[in-house]
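> fold the following.
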Amino acid sequence: MDAARKERDRQAQTKSTTTYNDSNSHGLAVGNVTTATTTAPAETVLPGTAKSSVPAADAKAKREEDIRKLREKVQDLQDQETALKLQINDFTNQVYAAVTTQIAKDQAQANLAQAQAHLLDVQTDLSHARTDLQDLLNSPPAK
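This is a model prediction of the structure:
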């Protein structure tokens, strides 16, 4: 017990110089992922040697614009995927309709095959876009 008390006293006397913050604090809810980074001590800047923060701001703005564009692309692809699934459902209903002609059934089957191929392409593009977006969100922001 005495050792535990001494350790608690020692820890209470020690001040941490490392500050942790969330590097993804731009409002994204990506799940239960938390990224902690350490902040470097503030640099002393001599007069006349001040660095321009314009390139860093441009890099950050470009990254945010890329994220916004990828999110829009993912949303558009999701909308296309939903529309194609509804078309496939409609064509399937036409193929299996109780009262139909052979010509209508053949046309519905051709449309169904075409829609399924298009859906596969859209799903592939959507998968790639989601991966690109996730990679961009997980990459460290430019400094």
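> and K51, what's its pLDDT?
On pLDDT, K51 comes in at 52.
> and the longest helix along the chain, what's its mean pLDDT?
Secondary structure assigned by DSSP state H gives helix 54-95 as the longest helix of the chain. Mean per-residue pLDDT for helix 54-95: 93.
> and after that helix, which helix or strand comes next?
Downstream of helix 54-95, the first helix or strand assigned by DSSP states H and E is helix 102-138.
> so P141: helix, strand or coil?
coil (DSSP: H, G, I helix; E, B strand; the rest coil).
> surely it meets K60?
Yes: counting by Cβ atoms under 8 Å, P141 touches K60, with 6.2 Å between them. Where C-beta positions appear, they are placed from N, C-alpha and C, glycine not excepted.
> ok, the two, which is more surrounded?
For P141 versus K60, neighbours defined as other Cβ atoms under 10 Å are more numerous around K60 (15 against 12).
> can you verify my assumption that that one contacts I67?
No: contact criterion Cβ under 8 Å: K60 and I67 do not qualify, at 10.6 Å.
> what's the burial count for L119?
17.
> with Q78 instead?
Counted with other Cβ under 10 Å, the neighbours of Q78 add up to 14.
> same thing with the one 4 residues further on?
Using other Cβ under 10 Å as the criterion, T82 is surrounded by 11 other residues.
> against L119, how distant is it?
Distance of T82 to L119, given as Cβ to Cβ, to the nearest Å: 10 Å.
> same question, D58
Distance from D58 to L119, by Cβ to Cβ: 39 Å.
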